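Participant: One predicted model, sequence on top.
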Amino acid sequence: MRAPSRALVVVVLVFGAYGCDGSGGDPAADLYGEWRTNPGSIMSFLEDGSFNTVYAPWGPEPFGWGTYTFDGQTLTLVTTGGDRGCPEGQTGIYEARFTDDNSLSLSLVEEECGARTEIAASPMIRQSP
């Protein structure tokens, strides 16, 4: 029996490491961008692992921000600052489900900040990639 060629092994390793979608296998890549929520907030998830939230009636500046991790199923948010909303250090954990390319539903697992539960209670619609 003949051994697999080196070219085949390289192709398998490249697709195994980076995936077919070009995201490098990073499940958080599906979150990157701006998501509109009810009651009119915009949550932005950035590639550097940070997020911020803007509420239009309060103006264009974020009222809360922090860091996030996402493993493809569980979204964990940790507040690091903001003048309204969640105090610094509060953590929220949600099960995330993409209903299609432009919709995201979050199910509460655990949350220290009541204000964030309102934002996450309804489906989020992608505003920009």
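Facilitator: Cool, the structure landed. Numbers count the residues shown, from 1 in each chain.
Participant: Now do the same for stretch 51-60: mean pLDDT, whole number.
Facilitator: Throughout stretch 51-60, pLDDT has a mean value of 84.
Participant: for that stretch, which positions count as buried?
Facilitator: 51-55 (16 or more other CB atoms under 10 Å). Bear in mind the C-beta positions are built from the backbone N, C-alpha and C, glycine included.
Participant: same thing with stretch 28-35?
Facilitator: Those buried within stretch 28-35 under the rule 16+ other CB under 10 Å are 28-32, 34-35.
Participant: How are the helices of the protein distributed by residue range?
Facilitator: Assigned by DSSP state H, the helices in the chain fall at 6-18, 114-120.
Participant: Please list all residues in contact with the residue most central in space within the chain.
Facilitator: Central residue of the chain (CA atoms, centre = their mean): L31, 3.9 Å from the mean position. By CB atoms under 8 Å, 6 or more residues apart in numbering, the contact set of L31 is 45, 68, 70, 75, 96, 104.
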